[in-house]
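Undergrad: my questions concern the predicted model and sequence given below.
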Amino acid sequence: MNLNAKIPDGPLDQKWTKYKNTARLVNPANKRSIDVIVVGTGLAGASAAASLAEMGYKVKALCFQDSPRRAHSIAAQGGINAAKNYMNDGDSTFRLFYDTIKGGDYRAREANVYRLAEVSANIIDQCVAQGVPFARDYGGLLDNRSFGGTQVSRTFYAKGQTGQQLLLGAYSALSRQVGKGNVEMLNRHEMLDVVIIDGKARGIIARNLVTGAIERHSAHAVVLCTGGYGNVFFLSTNAMGSNVTAAWRAHKRGAAFGNPCYTQIHPTCIPVSGDHQSKLTLMSESLRNDGRIWVPKKKEDVEAIRAKRLKPQDIKEEDRDYYLERRYPAFGNLVPRDIASRAAKERCDEGYGVNATGEAVYLDFSSAIVRYGKAQANVKGIHNATDQQIIELGTKVVEEKYGNLFQMYEQIVAENPYKTPMMIYPAVHYTMGGLWVDYELMTNVPGLYACGEANFSDHGANRLGASALMQGLADGYFVLPYTIGNYLADEIRTGKIPTNSPEFDAAEKNVRDQINRIMNNKGTKPVDHFHKRLGKVMWDKCGMGRNEKGLKEAITEIRKIREDFYQDVRVPGTADYMNQELEKALRVADFIELGELMCIDALERKESCGGHFREEYQTEDGEALRDDNQFMYVAAWEWSGDPSSPKLNKEPLIYENIKVQQRSYK
Amino acid sequence: MEKGMNLKLKIWRQKNTNEQGKIVEYPVSNVSPDMSFLEMIDVLNDSLVAKGEEPVAFDHDCREGICGMCSMFINGEAHGPNRGVTTCQLHMRSFKEGETIYIEPWRSEAFPVIKDLMVDRGAFDRIQQAGGFVSVNTSGRTLDANAIPIPKEDADKAFDAATCIGCGACAATCPNGSAMLFVAAKVSQFALLPQGQVERKERVLNMVKQMDEEGFGNCSNIGACEVQCPKNISIEVIARMNREYLMANVKPEN
């Protein structure tokens, strides 16, 4: 397998400029006769589709939702990073690059990450120009806050709805191009196969989810912006529809899957409340700017809290264990996500969890409310403010910063988080792994690209908070529009690609056969039954902690689930009209195959790094212990035809600009 | 173990856009008060699948109140009895033991039913395409983001308008079937920001024209939209849009 990352030579800070100066171009007249398909309309997809259309390419965009505005980027809460250094606190392109590489535990490519940091500032300019209403200070300038794994404030935000505002910005750019006729938008369409002709991606097979029609779409390039695969765990903070199908079908057609085991477990989510639960809800990392995380120091207090004899407010200050501040004084509550999650698990495993299931810790805003209240009293010239006044003033400030998040919490838990500390626990949130891409964001299949969370490129083994939005928009607005031309320059003489070739016939048959197999199965169980079984195996054995024995068991169990699925799944209705159960079945079939690959990858990587924590490999104080001599590579898995025997290819990672060391946030 | 609730659901079932639909009754039992409303439907659907019946089709995705996909008329109210939340944020603790719950799709001429509780809201996309944007290219070669200070109050108001999730509850609730709250929220966001000034006139004219073509009704200041809006978008945006529209019409070209 050819894994040439195509990184331009020259000094790190000149690679992208050099690339842009030498990449081939497609002239405007020729662009009009070139088709590009963009699958997915989240931040990466909507920005890519809008940009490519604006440049003159003929774009077709697909989303499975009823409108491109609903893609799950919309749910991102806390913010977007950019090296603007508006706060004058020492930020720079290099520092954002460095933080990202270190945060990813030295498992990402230097050149890609540097470029990301380089274009980050442009993203903010672009979004403001589009009318994205970021938070501002009283001087009318943009406000920033801090996120985990950094010591500067470089995160731009719009309350706890930053993803929504950015996505609606990208959606408005996309809508403008749809209105002009430059993008053909296909809502409620799901990609089910990639068509490869003479080694190049030439189109896709998609199902119209309303009519059930199986459609053929041809193009000179196909761009997958289809997000991550966290729903392999059944319970995650992903949307119900988020799935791996487009990426997985591309993998089965030859695209390598990079680092599938790198999963991000987010430390601050609302704990699971019962068996009925269909998804988990994130409480933004931005809350760790102001919230302090703790559990009681004494076991008897824990028991009293669980038995509801004590409330968290009753625990005296000296009896609280602010374990992140204790273990990581330099970064405190703002350590990266993988570290905060493991620390929560450690406390709960030791028996200090504060809810009935023993799987929850407190996120407490009381000291922030008092701190803000005092500041506000000063600003307003209220001398001798009473405690009550201070709390009221402080509550207002907290509400302004995080109001929607507190409201979400109260809806789900039925407790007022301004008064009682939130209860939180880690949950699956993001997947750093994804389709392997080179510097141009092209997979190893020529003409097939992957952007945003769907690729593996920028976050190594752990993503820093507020970097997913940055990467999605960087890929779509500022990277792909340059790199795709370098490939399409060779396509100007190709002409329209017909959809009646044997390759399209075969791909369509493949899709129809699978649908028929599922529809004709005379099983007894709904799709969720298998998805829940898979999710439990993945969470227990390939979740926050992994070990050889568990992973081997998981692989055996997943094979059994796959077998049972095809024997016993039941999908009522027909395939020739809207059938949501069929949609789920097709997605879960792919999750089951992917789950096995994740476990195989986790088993193979005999080290701990970032979100991948192999219990056998840890330092004395329980931190991830890397093995750079053996594992400083990207695991790019190749489909062999059998989900149980994928082939491992390795792309070595080379660090020329930063010193690789043991990650420390102490 | 707390014993769950028993409920009687009366759900609108409709095979496709063209066929007549009807209300079908389903009893559900052992419903936990901590379940979300959609999780309760999930349980019903799993039991229907087990019997080989077609599950109830409904739109949903993020299940945390932000994507705007879920859309149920519950006991005659868009997104159910609680204020400031979407259907997916509604929990069963808001209902009583033994209650009968009517569940219907959005009712609006401009939102045809696709199946059961699922409707086509393409009209909203088309209104957005008519003018809901700032015509700036995505080159990144724009002004520095801090080049134009924006008074915090304006930025905050623009943000409040921009929190619309495009769910359609406003139009489904309005006795006139008006989509004014949705359109006005977008118009207001841009009207309040310096970046939106250049195309201010064309934007409101084009979006209102498209809104009328989609078959939405007119606004007669009833205010039900504001009450049912899960994001608490204020009806003030409609007043602002009316001013924008008037100004765009009366001001001569040159």
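TA: That came in fine, so what should we check first? What you are looking at is a predicted structure, and each value in this text was computed from that prediction instead of being measured. Numbering: from 1, shown residues only, chains lettered A, B, ... in the order given.
Undergrad: could you use CA atoms for every contact and neighbour count after this?
TA: Fine.
Undergrad: run a quick neighbour tally on residue 212.
TA: Picking chain A for this. Using other CA atoms under 10 Å in any protein chain shown, A:G212 is surrounded by 16 other residues.
Undergrad: can you look at chain B instead?
TA: For B:D212, the count of nearby residues is 14 (other CA under 10 Å).
Undergrad: wait, doesn't A:I34 sit right on A:H220?
TA: Yes. The criterion here is CA atoms under 8 Å, and A:I34 meets it with A:H220 at 6.3 Å.
Undergrad: shared neighbours, the two?
TA: Shared contacts of A:I34 and A:H220 (CA atoms under 8 Å, 6 or more residues apart in numbering or on different chains): A:488, A:491.
Undergrad: for chain B, what spans make up the helices?
TA: For chain B, applying DSSP state H gives helices covering B:37-50, B:122-131, B:152-162, B:169-173, B:180-191, B:200-213, B:224-228, B:236-250.
Undergrad: could you redo those as CSV and give each row mean pLDDT and distance to chain A?
TA: Listed next are these as CSV, based on pLDDT from 0 to 100; distance: least, CA to the nearest CA, whole Å:
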stretch, mean pLDDT, distance to chain A
helix B:37-50, 96, 6
helix B:122-131, 98, 5
helix B:152-162, 96, 5
helix B:169-173, 98, 15
helix B:180-191, 98, 7
helix B:200-213, 98, 11
helix B:224-228, 97, 17
helix B:236-250, 96, 16
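Undergrad: burial of residue 11, as a residue count?
TA: Just so you know, I chose chain A. 12.
Undergrad: actually it's chain B I care about, not the one you picked
TA: As a burial measure, B:I11 scores 20 neighbours (other CA under 10 Å).
Undergrad: return the distance of it relative to B:L90.
TA: 17 Å (CA to CA, to the nearest Å).
Undergrad: what residues does the stretch 551-666 of chain A put near chain B?
TA: Within the stretch 551-666 of chain A, the residues that sit near chain B (CA under 8 Å from any CA of the partner chain) are A:570-573, A:578-581.
Undergrad: widest-spaced pair of these?
TA: With CA to CA as the measure, no two of those lie farther apart than A:R570 and A:M578, at 16.2 Å.
Undergrad: okay, now the residue nearest to B:E109 when sequence neighbours are not counted: neighbour count?
TA: Sequence neighbours aside, B:G215 is the residue nearest to B:E109 in space, at 6.9 Å (criterion: CA to CA, 6 or more residues apart in numbering or on different chains). If you count neighbours by other CA under 10 Å, B:G215 ends up with 16.
Undergrad: does A:L582 touch A:V571 like I think?
TA: Yes. Counting by CA under 8 Å, A:L582 does reach A:V571; the two are 6.1 Å apart.
Undergrad: how close does the residue nearest the centre of chain B sit to chain A?
TA: Among the residues of chain B, the one closest to the centroid is B:C167, at 2.0 Å (CA atoms, centre = their mean). Going from B:C167 to chain A by CA to the nearest CA, to the nearest Å gives 10 Å.
Undergrad: now do the helices in the stretch 251-400 of chain A.
TA: All helices of the stretch 251-400 of chain A, identified by DSSP state H, counting those that start in this stretch, fall at A:299-306, A:323-327, A:337-349, A:366-379, A:387-413.
Undergrad: minimum distance to A:F478: which of the ones you listed has it?
TA: A:F478 sits nearest to helix A:337-349 of all the helices of the stretch 251-400 of chain A, at 27.3 Å, using CA to CA.
Undergrad: show me what the closest one is packed against.
TA: Applying 3 or more CA pairs under 8 Å, 6 or more residues apart in numbering or on different chains; DSSP states H and E, one finds that helix A:337-349 makes contact with strand A:263-269, helix A:323-327, strand A:422-431.
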